[in-house]
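Participant: Give me coordinates for this.
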Amino acid sequence: EVQLVESGGGLVQPGGSLRLSCAASGFAFSMHSMSWVRQAPGKGLEWVSGIFPSGGSSYSDAVKGRFTVSRDNAKNMLYLQMNRLKPEDTAVYYCNTRWGYPPYDYWGQGTQVTVSS
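Facilitator: Predicted structure coming up:
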């Protein structure tokens, strides 16, 4: 059974930092791309960042230069280092992977990030 478990969210002041983690199990983590996706209150899902099995990464324009995605294939862990946080970063952050034929999305339960003074 595929499981994705996020942690590390919380309340932080504008300009602060948080590090999100996602523990993956039940599949060959090292062979699959992973993503972070967020959902702000009252809004739809927004892709934040992705990372390939090799470690190559990409970011949305909204977070580029502030967030860094990484992975530890030996530990089946995905991370998102978030710096210079803004109120508009407030959202539930989800760990996601998509694979199979037809492609199927797997999601964690999400972790709440609130940026407020």
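
Participant: hang on, Ala23 packs against Met77?
Facilitator: Yes: in this structure Ala23 lies within contact range of Met77 using C-beta atoms under 8 Å: 6.0 Å. Where C-beta positions appear, they are placed from N, C-alpha and C, glycine not excepted.

Participant: how close does the residue nearest to the spatial centre of the chain get to Glu88?
Facilitator: Centroid-nearest residue in the chain: Trp36, 2.7 Å away (criterion: C-alpha atoms, centre = their mean). Applying C-beta to C-beta, to the nearest Å, the value for Trp36 to Glu88 is 16 Å.

Participant: Show the residue spans covered by the helices in this structure.
Facilitator: Along the chain, counting by DSSP state H, no stretch forms helices.

Participant: Could you list the low-pLDDT ranges of it?
Facilitator: Within the chain, no stretch has pLDDT under 70.

Participant: let's go with 90 and repeat that
Facilitator: Scanning the chain with the threshold set as pLDDT under 90 gives 55, 99-101.

Participant: circling back: list the beta-bridge partners for the residue nearest to the centre of the chain.
Facilitator: Ser49, Cys95 (DSSP bridges).

Participant: quick one: the strands in this protein?
Facilitator: 3-7, 10-12, 18-25, 34-39, 45-51, 57-59, 67-72, 77-82, 91-99, 104-107, 111-115 (DSSP state E).

Participant: Just want the angle from the fourth one to strand 67-72.
Facilitator: To tie it back to what came earlier, the one meant is strand 34-39. Strand 34-39 and strand 67-72 are oriented at 140 degrees to each other (axes from the mean of the first three to the mean of the last three C-alpha atoms, to 10 degrees).
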